Every structure is written in C-alpha cells, then in structure tokens.
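Engineer: Provide a 3D model corresponding to the input given below.
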Amino acid sequence: MAAHRILVTGKVQGVGYRNWTVTRARVLGITGYVRNSGKAVEVVVSGEDEAVEKMIELLHEGPALARVDNVEIQAANDAKLKGFTKRLGA
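Structural biologist: Numbers count the residues shown, from 1 in each chain. Okay, the predicted model is just below:
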C-alpha cells in the first residue's frame, strides 16, 4: 500500500481537474481526496502501489483543458481513508 500527498500546479483550477481526478481515482480503486489549495490542487491518494503509480502518471497529464506545470509528491499517512471525494478548498 502506498499513500501520497500531491500538489499539482499550473492551469489546474477552473478546468474540471478535481472532477476528472475523482473519476480516475474511483476507476483505479484509490481512496483519498482532492481539493483546491491556494494556487495548487492537493490530491491525497492511498491504495495498491501499481494503482497509485498510475494515478500519479495521470495527474501529470490532467484533463484536456488543464496545463500541469509541476507535480510535487510527498509521503502521507492517510491509508485509512474511505472512498475518494472532492473536498472544499483549504
């Protein structure tokens, strides 16, 4: 099991990035959440290593209208989350 806190910067707000992330995470069976955090989108993911790695790859791309400039990955201790949700910003 892997758990990461990821900050995605670029043109990632107002382009459907959070809804897109929820859809992809649920398909991959990942738990966690996504929310706006200042000028970034914060994504917390937890799940099987292969699924989390695939999610990280997808976060580098984002939806069609997004432009991802940077993806910062940190270790997280959120392995007990249930489901994958979109939260209100920080």
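Engineer: all strands of this structure, in order?
Structural biologist: 2-11, 31-37, 40-47, 67-75, 84-86 (DSSP state E).
Engineer: most tightly surrounded among those strands?
Structural biologist: strand 40-47 (a mean of 23; mean count of other C-beta atoms under 10 Å). Every residue, glycine included, has its C-beta placed from N, CA and C.
Engineer: Report the rounded mean pLDDT for it.
Structural biologist: Strand 40-47 comes out with an average pLDDT of 95.
Engineer: got a list of contacts for it?
Structural biologist: 1-9, 12-13, 17-18, 21, 25, 28-36, 52, 55-56, 59, 76, 78-81, 90 (C-beta atoms under 8 Å, 6 or more residues apart in numbering).
Engineer: List the strands paired with it, with their directions.
Structural biologist: Here strand 40-47 is paired, per DSSP bridges, with strand 2-11 (antiparallel), strand 31-37 (antiparallel).
Engineer: Distance from the shortest one to the middle of the chain?
Structural biologist: It stands for strand 31-37. Strand 31-37 sits 6 Å away from the centroid of its parent chain (C-alpha atoms, centre = their mean, to the nearest Å).
Engineer: just the longest one next, same as before
Structural biologist: Relative to its chain's centre, strand 2-11 lies at 6 Å (C-alpha atoms, centre = their mean).
Engineer: picking that back up, which one of the strands paired with strand 40-47 lies closest to N70?
Structural biologist: For those, proximity to N70 was assessed by C-beta to C-beta; strand 2-11 is nearest, at 4.7 Å.
Engineer: Now that closest one - C-alpha only, CSV.
Structural biologist: The C-alpha coordinates for strand 2-11 follow below in CSV (Å, rounded to 0.1, in the frame of the first residue of the first chain):
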residue,chain,number,x,y,z
ALA,A,2,1.2,3.5,-0.9
ALA,A,3,0.0,6.9,0.4
HIS,A,4,1.0,10.2,-1.0
ARG,A,5,0.1,13.9,-0.7
ILE,A,6,0.5,15.5,-4.1
LEU,A,7,0.4,19.2,-5.1
VAL,A,8,-0.3,19.9,-8.7
THR,A,9,0.4,23.4,-10.1
GLY,A,10,-0.3,25.1,-13.4
LYS,A,11,-3.6,25.8,-15.0
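Engineer: Noted, bye for now.
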